[in-house]
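> Coordinates only, no sequence provided:
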Ligand code: NAD
């Protein structure tokens, strides 16, 4: 019979599982030998009871890991919450610490995957290749409405120069852009490459394109709002591949309506939990904001796919298994979520 102690070393319960998660985690489990249990549903207070005899839970960006859920996880004997993503804004770390649950994440799986997606959004919005693709298939070879601008020589503001922001800055430097950056910590490698650190207000005022790469926390929530938008150049291009709530949705809709924002590329959305990673094509969407956003011709929305490359999914699986293995043998690991536990 299986005892509680060897269950602790063996079983991982995954929430918000997609078919590709199963493929990558099953493939790389060969070297680790965990028992894997996959649930398609999101983890929240209603779904938590699906798992039994599990000490390790593996969650993604939109799972709800608040104080209520953490208390129930602890009652069920959970000892480790393994995030298979970089951001950890959805986990109440204070509650996890109080419950004696350790939290780990995958801080850097492929910064290039996200940075390259941000660049793809810029190129699509600017050169309108999505429209050209459809147009020529209908034998419309006109160029009207497809006018773009040279990226070379433009000023790009990068907010947050961690792993992803740095990879992104290198890409836009390669396009011949001037790069201004804002981060609470300056990065010397960036400065050597010619990136200029400036106060955030200078970036708002001077940039032609702004790309957000900082985490979501109390100080960054709604950093793009009516007041910061007013400081920006007219026709600004804004790119957000970080977290939806960095942008105040009501204010960005208004700025798109009045033309302040000329281009908006978002891979993340403030109310994405109810929408993303699901096929809702037969449903009546109740979220009016997303419907309004997708009605703008100068808005490009992707559904949190910036991370989605073969290389990134490989690293996510390998790092998650390594994190969990190390935590089981009580090894201190770099990838624990640093705040408390
Ligand atoms: P990181 O921790 O390497 O870098 C974050 C940077 O932001 C750090 O340099 C930090 O100093 C800076 N920062 C913190 N607070 C700031 C503030 N108030 N103003 C400006 N800068 C601030 O993280 P990363 O790997 O570069 O990821 C960045 C974010 O991208 C993550 O927090 C996550 O939310 C998001 N992300 C999205 C996807 C996706 O698929 N769309 C995938 C991975 C990560």
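Yes, it's here. Just so we're clear, the structure is a prediction, and the values are computed from it rather than from any experiment. Residues are numbered from 1 along each chain as shown.

> Enumerate the residues of the stretch 151-300 of the chain near the ligand.
Within reach of the ligand by Cβ under 6 Å from any ligand atom, the stretch 151-300 of the chain has these residues: 159-165, 182-185, 213-216, 219-220, 241-243, 267-268. Placement of C-beta: from N, CA and C, glycine included.

> Residue 167 - that's part of a helix, no?
Yes. Under DSSP: H, G, I helix; E, B strand; the rest coil, residue 167 sits within a helix.

> Got the confidence number for the nearest residue to it once chain neighbours are set aside?
Leaving aside its chain neighbours, residue 167 sits nearest to residue 115 (3.7 Å; criterion: Cβ to Cβ, 6 or more residues apart in numbering). At residue 115, the model reports a pLDDT of 98.

> cool, residue 4 as well?
The per-residue pLDDT reported for residue 4 equals 42.

> Check residue 285 too.
Predicted confidence (pLDDT) for residue 285: 95.

> who touches it in this structure?
Contacts here follow Cβ atoms under 8 Å, 6 or more residues apart in numbering; on that basis residue 285 touches 275, 291.

> which SS state does it fall under?
coil.

> any idea how far the ligand is from it?
Residue 285 is 21 Å from the ligand, where distance means Cβ to the nearest ligand atom, to the nearest Å.

> any idea how far residue 269 is from the most centrally placed residue in the chain?
Centroid check for the chain by Cα atoms, centre = their mean gives residue 242 as the closest residue, at 4.6 Å. Applying Cβ to Cβ, to the nearest Å, the value for residue 242 to residue 269 is 12 Å.

> same thing with residue 256?
14 Å.

> okay, these two: which has more neighbours?
residue 269 (24 against 21; other Cβ atoms under 10 Å).

> hmm, back to that, please identify every residue contacting each of residue 256 and residue 269.
residue 293.

> Now do the strands in the stretch 151-300 of the chain.
Under the criterion DSSP state E, counting those that start in this stretch, strands of the stretch 151-300 of the chain are mapped to 155-159, 178-182, 196-197, 209-212, 236-240, 261-266, 299-301.

> Tabulate these (JSON lines), appending mean pLDDT and mean neighbour count.
As requested, the strands of the stretch 151-300 of the chain are exported to JSON lines (pLDDT from 0 to 100; neighbours: other Cβ atoms under 10 Å):
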{"stretch": "strand 155-159", "mean pLDDT": "98", "mean neighbour count": "24"}
{"stretch": "strand 178-182", "mean pLDDT": "98", "mean neighbour count": "22"}
{"stretch": "strand 196-197", "mean pLDDT": "98", "mean neighbour count": "16"}
{"stretch": "strand 209-212", "mean pLDDT": "99", "mean neighbour count": "26"}
{"stretch": "strand 236-240", "mean pLDDT": "98", "mean neighbour count": "24"}
{"stretch": "strand 261-266", "mean pLDDT": "98", "mean neighbour count": "23"}
{"stretch": "strand 299-301", "mean pLDDT": "98", "mean neighbour count": "19"}
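
> will you turn those into CSV that also has distance to residue 140?
Listed next are these as CSV, based on distance: least, Cβ to Cβ, whole Å:
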stretch, distance to residue 140
strand 155-159, 32
strand 178-182, 36
strand 196-197, 43
strand 209-212, 28
strand 236-240, 25
strand 261-266, 22
strand 299-301, 20
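
> Might you report the residue contacts of the residue nearest to residue 167?
Contacts of residue 115 by Cβ under 8 Å, 6+ apart are 164, 165, 167, 168, 170, 171.

> which ones are touching the second one?
So the one you mean is residue 165. 115, 158, 159, 181, 183, 211, 213, 214.

> Could you count how many residues lie near the fifth one?
Residues contacting residue 183 under the criterion other Cβ under 10 Å number 19.

> so it makes contact with residue 215?
No. In this structure, residue 183 is not within contact of residue 215 by Cβ atoms under 8 Å, at 11.1 Å.

> Which residues are in contact with each of the two?
Contacts common to residue 183 and residue 215, judged by Cβ under 8 Å, 6+ apart, are residue 160.

> quick one: secondary structure of the residue of the stretch 1-150 of the chain found nearest the ligand?
Closest residue of the stretch 1-150 of the chain to the ligand, Cβ to the nearest ligand atom: residue 87 (3.3 Å). Under the three-state scheme (three-state DSSP), residue 87 adopts coil.

> Tell me, what's the model's pLDDT at the residue of the chain found nearest the ligand?
The ligand sits closest to residue 162 of the chain, with a gap of 1.6 Å, by Cβ to the nearest ligand atom. Note for residue 162: predicted pLDDT of 96.

> repeat for residue 333
The per-residue pLDDT of residue 333 was computed as 69.

> cool, residue 329 as well?
83.

> and if you look at residue 336?
70.

> I figured it hits residue 107, correct?
No. Counting by Cβ under 8 Å, residue 336 does not reach residue 107; the two are 10.0 Å apart.

> mind listing what the nearest residue to residue 132 once chain neighbours are set aside touches?
Once flanking residues are discounted, residue 132 sits nearest to residue 146: 6.0 Å by Cβ to Cβ, 6+ apart. By Cβ under 8 Å, 6+ apart, the contact set of residue 146 is 127, 128, 131, 132.

> Report the two of those separated the most.
Spanning the widest gap among the contacts of residue 146 are 127 and 131, at 9.4 Å by Cβ to Cβ.

> Residue 265: what's it in contact with?
118, 121, 122, 124, 125, 237, 238, 239, 240, 299, 300.
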